[in-house]
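In: Provided below are the primary sequence and the corresponding predicted coordinates.
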Amino acid sequence: MTRSYRYILHTALLSVLALASAWMQAQSSTATTDRCYDSGDRRDLRLWDSDAPGSVGTNPCTDIPFLRVYRPHGAAAPTDNAIIVIPGGGYNELIDKKEQSPVGQYFADKLGITTFVLYYRLVQTNGTYRYPVPMWDGQRAIRYVRYNAAQFGISPQHIGVFGFSAGGHLASTIAVHFAANFGLDLKDAIDQTDPRPDFLGLGYPVISMDPAQYASHSSHNHLLYGYTGTELTQLEQYLSEQKQVNSTTPPTFLFESFDDKVVNSQNSSLFYEALVTAGVPSEAHIFQHGLHGDGLAVDEPAESAWPEMFHNWLNERGLIAPPWRLVPANQQ
């Protein structure tokens, strides 16, 4: 190999590496900015006009909780329903966009439901925004949507939440403990609005915070960062939602897979058993195979049926009019 040929090869390799590095940086930047509040984007709605309670700064990517709205534009006739989607990520990050815009757009365009994706504050490495801050953001989201129901063209009695993974824990917590304020001082008219969701949806959810009962190590350690002793033990029980279900818990739909390698499927089983015991209308689908964090599960033949199952469940509960047959997510 001649020196000039080696030089050309070396230069080409450097160019490829530079392009790859730039692409990876672009992807990283996109992944970061997706969860950043953009005051110039009319879809982004701040939960508080001023600083959110407990905020330590004004960074749009870490300190400003907000909703991103997806309005119906598809073939489905718009309904008067709303769903707040709560993505997961262990309470310290939002690692998979499959639970964010794809789900928001799907619910809006295929079910005709005005959908809001909640970007709640995530626990920082020093423990900032640990419990109860995510619960403040989740509860405020329901109150915000209900308070502004007329503006969004939705019924204040048809507002649900749908949480995935750690977002499922947040969703189940604000659904089960809807009467609690989690220590937050209520200050404005939105705070006086009913925070109880009218229905609850869960996808491969974290439910338990009890280390003796299938708690997710990641979600537990981030949400309860710095808590110790009796206080920690009490929170582990209080935030193990399978132990807190009662007859006032909203009607619930959930799905999970037996081979979930991130969150033990017993989280879903225990929660469903508690719902049945309490007489809460509920439906559970535990698939044989599925991928954690897969959102609509378009690449999983069996699990991809859950959106249609959810749609049918909403119909049966009288929560949404049956406009047309839903196309399975993996056939679009």
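Out: Done, it's in. Numbering: from 1, shown residues only.
In: what's near enough to touch Tyr214?
Out: The contact partners of Tyr214, by CB atoms under 8 Å, 6 or more residues apart in numbering, come to Ile207, Ser208, Asn264, Gln266, Asn267, Leu270. Glycine gets a C-beta too; all of them are placed from N, C-alpha and C.
In: check the offset of stretch 162-173 from the chain's centre.
Out: 6 Å (CA atoms, centre = their mean, to the nearest Å).
In: now it: average pLDDT?
Out: Regarding stretch 162-173, the rounded mean pLDDT is 98.
In: please write out the alpha-carbon positions of it in CSV.
Out: Extracted C-alpha coordinates of stretch 162-173, given in CSV (Å, rounded to 0.1, in the frame of the first residue of the first chain):
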residue,chain,number,x,y,z
PHE,A,162,-52.0,6.6,31.0
GLY,A,163,-48.6,5.8,32.4
PHE,A,164,-45.8,3.6,31.3
SER,A,165,-43.1,2.0,33.5
ALA,A,166,-42.1,4.6,36.2
GLY,A,167,-44.7,6.9,34.6
GLY,A,168,-47.2,4.1,35.5
HIS,A,169,-46.1,4.4,39.1
LEU,A,170,-46.7,8.2,38.9
ALA,A,171,-50.1,7.6,37.2
SER,A,172,-51.2,5.0,39.7
THR,A,173,-50.1,7.1,42.6
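In: same question for that stretch: list its buried residues.
Out: Neighbour counts over stretch 162-173 (16 or more other CB atoms under 10 Å) mark Phe162, Gly163, Phe164, Ser165, Ala166, Gly167, Gly168, His169, Leu170, Ala171, Ser172, Thr173 as buried.
In: Ser282: which of those residues is nearest?
Out: Nearest to Ser282 among these: Ser172, at 11.8 Å, using CB to CB.
In: a markdown table for the buried residues of stretch 162-173, including secondary structure and distance to Gly89?
Out: Below are the buried residues of stretch 162-173 laid out as a markdown table (DSSP: H, G, I helix; E, B strand; the rest coil; distance: CB to CB, whole Å):
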| residue | secondary structure | distance to Gly89 |
| --- | --- | --- |
| Phe162 | strand | 15 |
| Gly163 | strand | 11 |
| Phe164 | strand | 9 |
| Ser165 | coil | 7 |
| Ala166 | helix | 6 |
| Gly167 | helix | 8 |
| Gly168 | helix | 11 |
| His169 | helix | 11 |
| Leu170 | helix | 11 |
| Ala171 | helix | 14 |
| Ser172 | helix | 16 |
| Thr173 | helix | 16 |
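In: can I get these in JSON lines including distance to Ser240?
Out: JSON lines is the format used below for those (distance: CB to CB, whole Å):
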{"residue": "Phe162", "distance to Ser240": "21"}
{"residue": "Gly163", "distance to Ser240": "16"}
{"residue": "Phe164", "distance to Ser240": "19"}
{"residue": "Ser165", "distance to Ser240": "16"}
{"residue": "Ala166", "distance to Ser240": "14"}
{"residue": "Gly167", "distance to Ser240": "17"}
{"residue": "Gly168", "distance to Ser240": "13"}
{"residue": "His169", "distance to Ser240": "10"}
{"residue": "Leu170", "distance to Ser240": "14"}
{"residue": "Ala171", "distance to Ser240": "15"}
{"residue": "Ser172", "distance to Ser240": "10"}
{"residue": "Thr173", "distance to Ser240": "10"}
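In: now the residue most central in space within the chain. Its backbone dihedrals?
Out: Nearest to the mean C-alpha position of the chain, by CA atoms, centre = their mean, lies Ile86 at 1.7 Å. In terms of degrees, to the nearest 10, the main-chain angles of Ile86 are phi -120, psi 100.
In: surely it and Ser165 touch.
Out: No: using CB atoms under 8 Å, Ile86 is not in contact with Ser165, being 9.4 Å away.
In: next up, the contacts around Asp60.
Out: For the record, residue 60 is Pro, not Asp. By CB under 8 Å, 6+ apart, Pro60 lies in contact with Cys36, Tyr37, Asp38, Ser39.
In: between those residues, which is nearest Val56?
Out: After measuring those against Val56 - CB to CB - the closest member comes out as Tyr37, at 15.5 Å.
In: could you chop the protein up by domain?
Out: Following automatic domain parsing, the chain resolves into domains at 1-33, 45-331.
In: ok, back up a step: pLDDT score for the residue nearest to the centre of the chain?
Out: Looking at Ile86, its pLDDT reads 98.
In: so which residues of this protein form helices?
Out: 3-33, 101-111, 133-147, 149-152, 166-176, 217-223, 229-238, 266-278, 306-316 (DSSP state H).
In: wait, which of those is closest to Asn246?
Out: Of the helices of the chain, the one closest to Asn246 (CB to CB) turns out to be helix 266-278, at 5.4 Å.
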